[in-house]
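Novice: compute the structure for the input listed below.
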Amino acid sequence: MLDVRSGQYFNLDPIGSRIWNFLTGPIEVETLCRALAEQFDAPQQVIESDVLALMDELAAKNLIIVDM
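Specialist: Reported below is the predicted structural model:
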């Protein structure tokens, strides 16, 4: 994906791309994690940890806005 403001490209793995697709509109982290748990065979805690880590990275690069 391309950040048009900075001109930087970012690569996401298949799961990161799936998460990105969920982030096209507002979504609660719990809802996102639940949907991913239905698609991938992984413990809920691992999914939550991975989702939060990716969201932190995307927010730090101003690619998403996190509203608490």
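Novice: pretty sure residue 9 contacts residue 1?
Specialist: Yes: with contacts counted by Cβ atoms under 8 Å, residue 9 reaches residue 1, the gap being 7.1 Å. C-betas here are computed from N, CA, C, even on glycine.
Novice: so the two - more neighbours on which side?
Specialist: residue 1 (13 against 8; other Cβ atoms under 10 Å).
Novice: would you mind measuring from the more buried one to residue 20?
Specialist: Separation of residue 1 from residue 20 (Cβ to Cβ, to the nearest Å): 7 Å.
Novice: what is the neighbour count of residue 32?
Specialist: Using other Cβ under 10 Å: residue 32 sits among 18 other residues.
Novice: go on, residue 35?
Specialist: If we define neighbours as other Cβ under 10 Å, then residue 35 has 15 of them.
Novice: tell me who's in contact with it.
Specialist: By Cβ atoms under 8 Å, 6 or more residues apart in numbering, residue 35 lies in contact with residue 22.
Novice: again, only this time at 10 Å
Specialist: 18, 19, 22, 27, 47 (Cβ atoms under 10 Å, 6 or more residues apart in numbering).
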